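> Have a look; sequence and predicted model below, questions after that.
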Amino acid sequence: MGKRTELDDTEPVSNLELLRRSVAGDRGATEELTARIRPHLKRWASGRLPGWARDGVDTDDLVQDALARAVAEPGRLEVRPDFQSYLRQTILNSIRDHVRRAHRRPRADVDPELQSSSEASPLEALIGKERMTRFEAALQGLDPDDREAIVCRVEFGMTYRDIALALGRPTADAARMAVARALVRLSRRLEIDA
């Protein structure tokens with residue numbers, strides 16, 4: 001009996017395996033992967049685009065755009081273990097673009113003082129902008145597997161069961177250990193960069 005997959009209603013496969021199938025042109029794998037990742041991206045992206053910079057764009061639009069760009073052309077899609085981190089960065093870049101555009105085109109219906117303010121995300125407000133910059137730099141300095149483990153747990157708030165599925169780990173405990181080890185490596189990078 002071959003390996004069972006979520007696509008045929010049996011044992012689930014990792015996000016990386018779904019990504020490989022998607023790159024090979026399997027539309028079912030693409031749909032399963034985007035359905036699995038979308039809720040985490042949406043929860044993470046919620047509230048990150050300041051209201052004054054929205055111009056008709058909402059969280060769903062940001063997430064849908066990132067997913068569409070990533071999986072629109074199977075030939076362009078790349079198999080990478082840090083696919084969710086890549087999508088997170090794509091959304092961050094899109095948010096920055098929206099903010100830049102909003103600054104270039106002042107709106108008459110928005111208080112100029114509010115428009116020029118830079119609203120922090122909940123995470124940025126918690127740890128501060130400077131620390132957030134250090135966090136981002138340290139995160140980018142990790143290997144893709146560690147980066148993905150941290151993004152799944154810290155940024156997306158995924159359960160260890162979901163992380164095991166995303167990272168292709170055999171159990172939730174294995175995912176927990178992968179996250180713990182990645183956080184230790186991140187901590188070391190933050191100490192070095194301090």
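Now that the structure is in, tell me what you want to look at. Numbers count the residues shown, from 1 in each chain.
> Check residue 111 and give its pLDDT.
pLDDT, residue 111: 52.
> Would you check that residue 33 makes contact with residue 19?
Yes. Using Cβ atoms under 8 Å, residue 33 is in contact with residue 19, at 6.1 Å. Using the backbone N, CA and C atoms, a C-beta is placed for each residue, glycine as well.
> quick one: what helix or strand has residue 88 in it?
Here residue 88 sits within helix 83-104, counting by DSSP states H and E.
> buried stuff in that helix?
By 16 or more other Cβ atoms under 10 Å, the buried positions in helix 83-104 come out as 83-92, 94-95, 98-99, 102.
> now do stretch 147-164
147-156, 158, 160, 162-164.
> what's the closest of the residues you listed to residue 38?
Nearest to residue 38 among those is residue 156, at 11.1 Å by Cβ to Cβ.
> Average pLDDT for stretch 66-76, rounded please.
Mean per-residue pLDDT for stretch 66-76: 72.
> Residue 185: what's it in contact with?
142, 146 (Cβ atoms under 8 Å, 6 or more residues apart in numbering).
> now residue 88: how far from residue 80?
Separation of residue 88 from residue 80 (Cβ to Cβ, to the nearest Å) stands at 13 Å.
> Low-confidence bits of the chain, can you list those?
Where the chain drops to pLDDT under 70, the residues are 1-11, 53, 72-77, 103, 105-127, 193-194.
> Let's see that with 50 instead.
1-8, 113-117 (pLDDT under 50).
> need the contact list for the residue most central in space within it.
Central residue of the chain (Cα atoms, centre = their mean): residue 88, 2.8 Å from the mean position. By Cβ under 8 Å, 6+ apart, the residues touching residue 88 are 41, 44, 151, 155, 156.
> Distance of it relative to residue 55?
Taking Cβ to Cβ, one finds residue 88 at 22 Å from residue 55.
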